[in-house]
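Peer 1: Fold the following for me, if possible:
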Amino acid sequence: MSLQQSIQDRLRTKGISPKEKHALRIVLGEMQRQKNKVLTDQETVKILKKLVASERELNERQDGDYIRILEAYLPSEATADEIADWIRAHIDFGQYGNKMQAMREILDHFGPRTDGNTVKAVLTERF
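Peer 2: Below you'll find the model as predicted:
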């Protein structure tokens, strides 16, 4: 089941709190504004991260429930050790001109669980 579908299903669930219902409606509204109505998990995570970042920047809600609700749908971030271990097991730097050219392959593997800055830091510090 896709992340988008699980959010839609959760909204239809009886007994969810009004705060969660409101937060999920905002997420689904943002999804509907996209060109494609059926989104990949990576696109859905991008929207969730954008909404969390926006909320942190504005800091409008003092209770933080909105951010906690959205973060519950985000995948756990890959640690630097996880990334480094995967690189050691799967990347042959001999096929690249420099180690930064391997970033695409690494980012494709980890998808929404990491970002380019984290991968770059791992490559710079550990390889």
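
Peer 1: For Thr13, which residues are in contact?
Peer 2: Neighbour list for Thr13: empty [criterion: CB atoms under 8 Å, 6 or more residues apart in numbering]. (Glycine included, C-beta is placed from N, CA and C.)

Peer 1: switch to 10 Å and redo it
Peer 2: Thr13 makes contact with Glu20, Lys21, Leu24 under the criterion CB atoms under 10 Å, 6 or more residues apart in numbering.

Peer 1: How about Arg10?
Peer 2: If you count contacts by CB under 10 Å, 6+ apart, Arg10 has them with Ile16, Glu20, Lys21, Leu24, Ile69, Ala72, Tyr73.

Peer 1: same deal with Leu51?
Peer 2: Taking CB under 10 Å, 6+ apart, we find Leu51 in contact with Ala23, Ile26, Val27, Glu30, Tyr66, Ile67, Leu70.

Peer 1: Secondary structure element holding the closest residue to the fifth one other than its chain neighbours?
Peer 2: For Tyr66, the nearest residue in space outside its immediate sequence neighbours is Ala23; the separation is 5.2 Å by CB to CB, 6 or more residues apart in numbering. Using DSSP states H and E, the secondary-structure element containing Ala23 is helix 18-32.

Peer 1: Touching, the residue nearest to Tyr66 and Arg68? I think so.
Peer 2: Yes - contact criterion CB atoms under 10 Å: Ala23 and Arg68 qualify, at 9.1 Å.

Peer 1: Who has more neighbours out of these two?
Peer 2: Ala23 (25 against 13; other CB atoms under 10 Å).

Peer 1: any idea of the mean pLDDT in the helix or strand encompassing Ile87?
Peer 2: Taking DSSP H and E as the definition, one finds Ile87 inside helix 80-90. Here helix 80-90 scores 95 as its mean pLDDT.

Peer 1: what distance separates that helix from the middle of the whole chain?
Peer 2: 19 Å (CA atoms, centre = their mean, to the nearest Å).

Peer 1: Beyond that helix, next helix or strand please.
Peer 2: Next element after helix 80-90 (DSSP H and E): helix 103-110.
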